[in-house]
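J.: coords please:
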Amino acid sequence: MAVLGNTYLDLIDLYRRQDPDGTIADIIEMQAQLNPILDDAVAVECNSGTKHSTTIRTGLPTSTWGQLYEGIAQSKSTTQQVEDTTGFNEALSQVDTRLLKLAKNPGAVRLSEATPFLESMNQTISSAMFYEDTATNPKAFKGLGARFNSTTGQSGKQIVLAGGSGSDNTSIWFVTWGDNQTHLLYPEGSQAGLSREDKGEQRVTDDNSNPYYVEEELFRWHIGLTVRDWRYVSRVANIDVSDLNAGSVDIYKFMRQAYYANRGRRVKQGKMAIYCNSDVMQALDASGTGSVTNSSGHTVDKLQTRPMEIQGKEVLTYRGIPIREVDAILNTEAIVA
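T.: Coordinates of the predicted model:
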């Protein structure tokens with residue numbers, strides 16, 4: 001599970017194939033630095049314009065023991081049709097042409113001005129992956145939180161409750177990415193991830209309505225999310241952050257439960273990753289290292305998390321699964337029941 005990206009195409013791979021000059025690939029690599037989810041996520045083209053229809057199997061057919069001169073009971077599987085939508089996030093970068101004429105490297109200046117827009121878009125998309133819901137914001141797409149927000153129903157089996165009951169709660173997510181598990185969406189006939197369009201020189205006005213000229217770039221990210229098989233996602237919810245920081249939450253007990261709830265641990269399809277914020281990451285690091293005395297009286301290392309090299313980067317892992325630090329995961333989540 002430690003060698004990610006060697007089998008499955010990620011967004012950087014897609015862009016390198018779509019844009020030979022590397023311009024967009026550089027931007028996507030920057031996005032992956034700002035949004036670590038992009039190190040793992042798989043993107044699939046929508047099968048119906050900006051929408052994606054998925055057939056989910058909800059029940060298996062039955063089989064019976066047979067007997068001579070006795071018929072075979074008829075049975076069939078049951079399925080459910082689910083439709084997910086995409087939404088687009090945009091940003092417009094403008095740089096005064098007079099500044100560019102003074103610069104030794106105008107391209108670098110334009111990229112430096114675009115960087116905060118890229119970071120803002122990444123924060124918005126990262127947050128949407130966990131918290132957006134088309135029921136409350138039809139412009140966006142349905143995130144993971146809206147799909148795993150109740151212990152009732154089939155997906156409720158994938159939620160581990162960590163006992164928090166106050167207002168400072170957070171979650172840890174185990175997500176298996178793949179074509180048949182969980183993946184991002186992009187509209188039919190378009191490209192995955194962020195698109196960049198150079199609008200060239202544009203005439204604009206200042207606050208006093210006086211004109212001047214800028215070089216303009218439009219960034220647009222058309223994206224959605226679908227969960228084809230809920231068994232490949234698990235969530236540790238209701239983690240009380242103040243209790244966690246005080247060391248009174250047995251976080252690895254809940255991590256273990258979420259790990260065994262995720263089918264990705266035993267059916268090696270797709271690639272699994274763990275997502276949490278910096279408070280949880282620090283707690284995992286603190287309580288996952290040190291030493292303990294075993295049943296034989298020997299002192300041994302307690303390494304529940306280990307640093308590993310994945311694609312040339314040192315990454316903290318749990319059972320060989322990379323743990324990604326995602327700032328978008330809040331400490332103020334509503335209680336899941």
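J.: In this model Leu161 seems to touch Asp240, though I could be wrong.
T.: No: shown here, Asp240 and Leu161 do not form a contact pair, counting by Cβ atoms under 8 Å, at 11.1 Å. C-betas here are computed from N, CA, C, even on glycine.
J.: Pairing partners for the longest strand seen in the chain, with directions?
T.: Longest strand in the chain by number of residues (criterion: DSSP state E): strand 78-96. Paired neighbours of strand 78-96 in the sheet (DSSP bridges): strand 51-59 (antiparallel), strand 211-227 (antiparallel).
J.: Make TSV out of these and add distance to Cys276.
T.: What follows is the strands paired with strand 78-96, written out as TSV (distance: least, Cβ to Cβ, whole Å):
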stretch	distance to Cys276
strand 51-59	27
strand 211-227	19
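J.: And the helices in the stretch 201-337 of the chain, which stretches?
T.: 241-245, 251-261, 278-287 (DSSP state H, counting those that start in this stretch).
J.: Same question for stretch 36-46: list its buried residues.
T.: 36-44, 46 (16 or more other Cβ atoms under 10 Å).
J.: any low-confidence regions in the stretch 51-200 of the chain?
T.: In the prediction, the stretch 51-200 of the chain carries no residues with pLDDT under 70.
J.: cutoff 80 now
T.: 57 (pLDDT under 80).
J.: show me where it has helices.
T.: Using DSSP H, counting those that start in this stretch, helices in the stretch 51-200 of the chain cover 97-102, 106-131, 144-147.
J.: Other residues contacting the last one?
T.: In this case it means helix 144-147. For helix 144-147, the surrounding residues in contact (Cβ atoms under 8 Å, 6 or more residues apart in numbering) are 129-135, 155, 171, 173, 175, 225, 227, 230, 233, 235, 333.
J.: same thing but at 6 Å, please
T.: 130-131, 133, 227 (Cβ atoms under 6 Å, 6 or more residues apart in numbering).
J.: could you dump the residues you listed to CSV with neighbour count?
T.: Below are the contacts of helix 144-147 laid out as CSV (neighbours: other Cβ atoms under 10 Å):
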residue, neighbour count
Phe130, 22
Tyr131, 18
Asp133, 16
Val227, 21
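J.: Let's have these in a markdown table, adding distance to Arg98.
T.: What follows is the contacts of helix 144-147, written out as a markdown table (distance: Cβ to Cβ, whole Å):
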| residue | distance to Arg98 |
| --- | --- |
| Phe130 | 42 |
| Tyr131 | 41 |
| Asp133 | 45 |
| Val227 | 50 |
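J.: Give me the distance between the most centrally placed residue in the chain and Gly270.
T.: Taking Cα atoms, centre = their mean, the centroid of the chain lies closest to Ile37, which sits 4.3 Å from it. From Ile37 over to Gly270 the distance is 14 Å, taken as Cβ to Cβ, to the nearest Å.
J.: returning to what we had before: export the helices of the stretch 201-337 of the chain as a markdown table, with columns for mean neighbour count, mean pLDDT and distance to Phe117.
T.: Shown next, in a markdown table, are the helices of the stretch 201-337 of the chain (neighbours: other Cβ atoms under 10 Å; pLDDT from 0 to 100; distance: least, Cβ to Cβ, whole Å):
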| stretch | mean neighbour count | mean pLDDT | distance to Phe117 |
| --- | --- | --- | --- |
| helix 241-245 | 19 | 96 | 31 |
| helix 251-261 | 18 | 96 | 35 |
| helix 278-287 | 18 | 91 | 24 |
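J.: Neighbours of the spatially closest residue to Glu216 that is not a sequence neighbour, how many?
T.: Closest residue to Glu216 in three dimensions, ignoring its sequence neighbours and counting by Cβ to Cβ, 6 or more residues apart in numbering: Lys199, at 3.9 Å. By the criterion of other Cβ atoms under 10 Å, Lys199 has 13 neighbours.
J.: same question, Glu216
T.: 17.
J.: Is it in contact with Gln202, as I believe?
T.: Yes: if you go by Cβ atoms under 6 Å, Glu216 and Gln202 touch, sitting 4.5 Å apart.
J.: among the strands paired with strand 78-96, which is nearest Pro307?
T.: strand 211-227 (29.4 Å; Cβ to Cβ).
J.: Which two of the contacts of helix 144-147 have the greatest separation?
T.: Tyr131 and Val227 (15.0 Å).
J.: And Gly320, how far from Arg220?
T.: Distance from Gly320 to Arg220, by Cβ to Cβ: 36 Å.
J.: More neighbours: those two, which one.
T.: Arg220 (16 against 13).
J.: Looking at the contacts of helix 144-147, which is nearest Thr78?
T.: For the contacts of helix 144-147, the nearest to Thr78 is Val227 (18.0 Å; Cβ to Cβ).
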